[in-house]
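A.B. asks: Just the structure for this:
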Amino acid sequence: MTRSKKIFAGMAVVFVAGIAWVSYDISRRTTFPGSKPQLQERIRDTYRQKGDTAAADSATHR
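C.D. replies: Alright, predicted model coming up:
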């Protein structure tokens, strides 16, 4: 194997390892969208006060 082929093979291995590491790092920091509750449920749970009597907004509820 010539010197240039060895350098190319080494750089290819480093590149693939770098892509694998970045992919793993990104996957650890993000969550699958299906595992989160839906937006309306998150908003209701976050902003609803304990004494609220209206279950739905009367302007948008039909």
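A.B. asks: all contacts plus neighbour counts: C-alpha atoms, from now on.
C.D. replies: Will do.
A.B. asks: which helices and strands does the helix ranked longest in the chain pack with?
C.D. replies: In terms of residue count, the longest helix belonging to the chain (DSSP state H) is helix 3-29. The criterion is 3 or more Cα pairs under 8 Å, 6 or more residues apart in numbering; DSSP states H and E, and there are no helices or strands that helix 3-29 contacts.
A.B. asks: burial count for residue 23?
C.D. replies: Residue 23: 11 surrounding residues under other Cα atoms under 10 Å.
A.B. asks: Do you know the pLDDT at it?
C.D. replies: Residue 23 is assigned 95 on the pLDDT scale.
A.B. asks: separation between residue 1 and residue 13?
C.D. replies: Distance from residue 1 to residue 13, counting by Cα to Cα, to the nearest Å: 16 Å.
A.B. asks: Neighbour count: these two, which is higher?
C.D. replies: Higher neighbour count among residue 1 and residue 13: residue 13, with 12 against 5, using other Cα under 10 Å.
A.B. asks: From residue 6, how far out is the more buried one?
C.D. replies: Look at residue 13 and residue 6: by Cα to Cα, they are 11 Å apart.
A.B. asks: repeat for residue 21
C.D. replies: For residue 21 relative to residue 6 (Cα to Cα), the value is 23 Å.
A.B. asks: same question, residue 29
C.D. replies: 35 Å.
A.B. asks: Show me which of those two is the more surrounded one.
C.D. replies: More neighbours surround residue 6 than the other of residue 29 and residue 6, with 11 against 7 (other Cα under 10 Å).
A.B. asks: Which pLDDT value belongs to the more buried one?
C.D. replies: For residue 6, the pLDDT comes out at 97.
A.B. asks: so who does it touch?
C.D. replies: If you count contacts by Cα atoms under 8 Å, 6 or more residues apart in numbering, residue 6 has none.
A.B. asks: ok, and the helix or strand in this structure with the lowest average confidence?
C.D. replies: Every helix and strand of the chain was ranked by mean pLDDT, DSSP states H and E. The lowest is helix 39-47, at a mean of 71.
A.B. asks: No further questions, thank you.
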